[in-house]
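In: One predicted model, sequence on top.
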Amino acid sequence: MMKSAGELMLSAQTGMSILRAEIGALEEYTDTAKARNSAALSGFEIARGSMYQADPYQAADRAGARANQLEAVYTLTARLSRLSLSDYLKMKLCLLTCIFLIFGTLAQATPSD
């Protein structure tokens with residue numbers, strides 16, 4: 001009876017060792033997967049950050065251009081707000097005269113068949 005109990009204990013120890021080895025292999029596999037996933041996540045975060053970050057020089061250049069455009073709009077608005085109806089009509093007449101003169105000159109300079 002003692003002999004069979006000893007054999008049973010040895011076989012149980014062997015089974016436990018096999019289970020421990022399998023658990024260790026699974027733990028190593030999960031640790032490797034965690035490390036791989038963490039590296040991939042870091043790569044994706046770096047890529048996302050580079051997609052959303054603007055080049056500071058391009059951003060400053062675009063901001064300066066927009067500021068100049070906005071200043072031009074404000075200047076034009078200020079001039080138009082001071083413009084009376086008679087001044088507006090004079091400006092329009094002058095503009096139409098210039099257009100007529102330019103196109104009239106071009107029409108005369110172009111030979112027709």
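Out: Thanks, I have the structure now.
In: After the longest helix that the chain contains, heading C-terminal, what element do we hit next?
Out: Secondary structure of the chain per DSSP state H: the longest helix is helix 2-52. Scanning forward in sequence from helix 2-52 by DSSP states H and E, the next helix or strand is helix 56-81.
In: Output stretch 16-29 as PDB, nothing but the C-alphas.
Out: C-alpha atoms of stretch 16-29 as PDB (Å, rounded to 0.1, in the frame of the first residue of the first chain):
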ATOM      1  CA  MET A  16       2.200  18.800 -11.800                       C
ATOM      2  CA  SER A  17       5.600  19.400 -13.400                       C
ATOM      3  CA  ILE A  18       4.000  19.100 -16.900                       C
ATOM      4  CA  LEU A  19       1.200  21.500 -15.900                       C
ATOM      5  CA  ARG A  20       3.800  24.000 -14.500                       C
ATOM      6  CA  ALA A  21       5.800  23.800 -17.700                       C
ATOM      7  CA  GLU A  22       2.700  24.400 -19.800                       C
ATOM      8  CA  ILE A  23       1.600  27.300 -17.600                       C
ATOM      9  CA  GLY A  24       5.100  28.800 -17.900                       C
ATOM     10  CA  ALA A  25       5.000  28.400 -21.700                       C
ATOM     11  CA  LEU A  26       1.600  30.200 -21.800                       C
ATOM     12  CA  GLU A  27       2.900  33.000 -19.600                       C
ATOM     13  CA  GLU A  28       5.900  33.500 -21.800                       C
ATOM     14  CA  TYR A  29       3.600  33.600 -24.900                       C
END
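In: just how off-centre is it within its chain?
Out: Its chain's average C-alpha position is 46 Å from that of stretch 16-29, according to Cα atoms, centre = their mean, to the nearest Å.
In: and it, average pLDDT?
Out: Averaged across stretch 16-29, pLDDT comes to 83.
In: do stretch 92-100 as well
Out: Mean pLDDT, taken over the full extent of stretch 92-100, equals 82.
In: Residues contacting that stretch, please?
Out: Stretch 92-100 is contacted by no other residue when judged by Cβ atoms under 8 Å, 6 or more residues apart in numbering. Heads up, the C-betas are built off the backbone N, CA and C, glycines and all.
In: how far is it from where the chain is centred?
Out: Relative to its chain's centre, stretch 92-100 lies at 47 Å (Cα atoms, centre = their mean).
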